[in-house]
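1. Pasting the sequence and the predicted coordinates here, then a few questions.
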Amino acid sequence: MLTYDMEKRGRLPRYEYLCRCIQADILAGRLKSGSPLPSKRALAEHLALSVATVENAYAQLVSEGYVLSRPRSGYYVCAAEELPAPPVPPASSAPSALPRSAAEEREGEKRERAWKYDFASNRIDPRYFPFSVWSRLMREVLSYGGEELLRPSPFNGEEALRRAVSDYLLRNRGIAAPPDRIVVGAGTEYLYALLVQLLGRERIYAVEDPAYRKIAQVYRASGARVAPVRLDGQGVRPDLLEKTQATVLHVSPSHHYPTGIVTGFTRRSELLAWAVRRQGYVVEDDYDSEFRLSGKPVQPMQMLDTAGRVVYVNTFSRTLAPSMRISYMVLPEQLMRLFREKLGFYACAVPVFEQLTLAKFIEDGHFERHLGRMRNIYRKKRDEAVRLFAESGYPLEITEEDAGLHFLVRLQTDLPDEEVRRLAAERGVHLAFLSDFMAESDGASHCIVVNYSGL
Ligand SMILES: Cc1ncc(COP(=O)(O)O)c(C=O)c1O
C-alpha cells in the first residue's frame, strides 16, 4: 500500500500533497505503468484521510495525465510513453536575474522576468486554484451535457450561469438581479466595449483619475470620448464631474482600484442624482469587492438605484483567474430591452463548456468556499507584506491595507517615481506607482501600489 507522511505536506492542501507524492512515485518508476492504484476507500483508511481527499488527488492525477480512470474498474498508472513531462520547478527556485540595465528592465517586464518580489503585478496565487474540483466538474459537464453543449449560447449567456450568478449576487451582495437582466461576457473589458455600443459613442464617459488604465483605453478604442475626473477621500469629486459634458460615469464605489477608497452613502447619492439629472448612467465596476479583508462588505451602489441608472459589472478574473475571461453585467430593465433590440444579434463570447462548469461551481457552493479560503490566505499574505515594508527601515506610511488585494505605501523621498522604480529593480523588486494609474502625472506620486496577492 502507498505510504506517505502527510505531516510533511507543509502549506500544501492534503489532496495536492498526496497527488504530488503519487506523481513522484510514477515519474521515478516506483509505480509501474499500467499498475492499479489502491481503491479510494482503502487508501483513505490507510493514510487516515477522507475519501474526498483521495478522490480529489486522483482526479488531479487524471487531469494531469498521470493516471487513467476506467469506469467500474478503478485507477491505473498511464503507460510510460504517455506520461506528461515532469513539472517545471517553481519560479522561486529558479536563479533570479539581477541586476539589469534600464532598457533590459522594460523588456524584462514585458517578458515577465523572475523578480525576487513582484509587487506590481495584479495577479492571483496560482497554487490555490481549485484545479481538481474544476476538472471534475468539467468532466461531469462533458459527460452529462449532451446536445446542449453543442448548441450556441443565447446572446446574454447560458441560463444556468445567469441563474447561478443571480443567486450568488442576492446571497452575497444583496443585489436582486433576475437572470434575464444579466449579460455574460468575455471579461469586463469586453463588456465596457459592449456598453459603448449600447449607450452610444457620441456620449462622453467620465472615468476616475487615477484608475485601472484599461477602462479609458477601451472606451477610447471604442470611439467614445473620455473625461478623467480627480478623486478626493470619498471618490469622484462631484464639482469636477459637473464641469464635464459626460453622461456616463464609470466608478468603483465599494472599493476603488488602486487607491482602495470607499465611497460613502452621501457621495453615492450625489453621483446617482447627477446621473438622473443628466439622463445618464453610472457603470459600477465591483472588481475586487469580494476581498475586503476586514470590516463589513460594502453594499453596492446598484441597491440605491430606483431610477434604473446603474449598470453593475463584475468579473471572475480576481476571484478565480484572469485567464477565465468570464464576467457579467446587470442591466436596468430599459437598458436590457435596448440591448436585446440593438445587440441581441451577437453570439455570447464565452464557450458553453466553461459557462456550464462555472455555473456548477457556483451552484454547488465551491465558489463561496473558494472565496472564504482565499480571503484567509490573502489576509496572511497581506500581514506579511505589510510587515516587510514596516520593518524595512525606510521612512514610509502604509494606508488602505483593508481594501482589496493591495495597499499603498507613501515614501518620504524627493526622488522621482521612475528613479525609485529603477533602484528597486536593481534589487529584483518590481514596483508600480500611483502615478502609473493617473491620466496626467508629474511622476512624483511617491506612492507605491503594493499588489501582494500573487507573491
Ligand atoms: C477596476 C477593474 N476592473 C476590471 C479589471 C479586470 O477585469 P477583466 O479581467 O474581467 O477584464 C481590473 C483589473 O485590474 C480592474 O482594476
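-> Right, received. Where do you want to start?

2. in the protein, which spans are helices?
-> 14-27, 40-47, 51-63, 102-110, 131-144, 159-173, 188-199, 213-221, 238-243, 265-277, 333-343, 352-363, 366-390, 417-426 (DSSP state H).

3. Out of the ones you listed, which gets nearest to Phe407?
-> helix 366-390 (6.8 Å; C-beta to C-beta). In short, each C-beta sits where N, CA and C put it, glycine included.

4. Next, the residues that contact that closest one from outside, please.
-> For helix 366-390, the surrounding residues in contact (C-beta atoms under 8 Å, 6 or more residues apart in numbering) are 119, 124-125, 128, 130, 133, 137, 168, 171-172, 290-291, 293, 319-320, 361-362, 396, 398, 401, 405, 407, 409, 450, 452-453, 455.

5. Now the buried members of these.
-> 119, 124, 130, 133, 137, 168, 290-291, 319-320, 361-362, 396, 401, 405, 407, 409, 450, 452-453, 455 (16 or more other C-beta atoms under 10 Å).

6. Just the ones of those in strands?
-> Among those, the ones falling in strands (DSSP state E) are 396, 407, 409, 450.

7. now the third one: how far from Val207?
-> In this case it means Val409. Going from Val409 to Val207 by C-beta to C-beta, to the nearest Å gives 25 Å.

8. same question, Tyr190
-> From Tyr190 over to Val207 (counting by C-beta to C-beta), the distance is 17 Å.

9. who's more crowded, these two?
-> Neighbour tally, Tyr190 and Val207, criterion other C-beta atoms under 10 Å: the higher count belongs to Val207, 24 against 17.

10. What's opposite the more buried one in the beta bridge?
-> Beta bridges link Val207 to Pro228, His250 when assigned by DSSP bridges.

11. Specify the residue ranges that define each domain of this protein.
-> With domains defined by automatic domain parsing, the chain comprises 6-82, 92-128+369-451, 139-365.

12. Please identify the deepest-packed of those domains.
-> Across those, averaging neighbours per residue (mean count of other C-beta atoms under 10 Å) puts domain 139-365 on top, at a mean of 18.

13. tell me how far the ends of it are from each other?
-> Distance across domain 139-365, first residue to last, is 18 Å (C-alpha to C-alpha, to the nearest Å).

14. And stretch 211-228, by the same measure?
-> End-to-end distance of stretch 211-228 (C-alpha to C-alpha): 9 Å.

15. what's that stretch in contact with?
-> Under C-beta under 8 Å, 6+ apart, the answer for stretch 211-228 is 189, 192-193, 196-197, 201-209, 244-246, 250, 252, 256-258, 285, 287, 436-437, 439-440.

16. State the mean pLDDT of that stretch.
-> Averaging pLDDT along stretch 211-228 yields 97.

17. What of stretch 121-128?
-> Here the average pLDDT along stretch 121-128 is 88.

18. now it, how far from the centre of its chain.
-> The chain centroid and the centroid of stretch 121-128 are separated by 9 Å, computed with C-alpha atoms, centre = their mean, to the nearest Å.

19. For it, C-alpha coordinates in CSV please.
-> Taking Å, rounded to 0.1, in the frame of the first residue of the first chain, the C-alpha atoms of stretch 121-128 are listed here in CSV:
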residue,chain,number,x,y,z
SER,A,121,1.6,42.5,-11.0
ASN,A,122,-2.0,42.3,-10.1
ARG,A,123,-2.3,38.5,-10.0
ILE,A,124,-3.9,35.7,-8.2
ASP,A,125,-1.9,33.0,-6.3
PRO,A,126,-1.9,30.1,-8.8
ARG,A,127,-1.2,27.5,-6.2
TYR,A,128,-4.7,27.7,-4.8
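
20. which one of the helices of the chain has the lowest average pLDDT?
-> Set side by side, the helices of the chain give their lowest mean pLDDT on helix 102-110, at a mean of 46.
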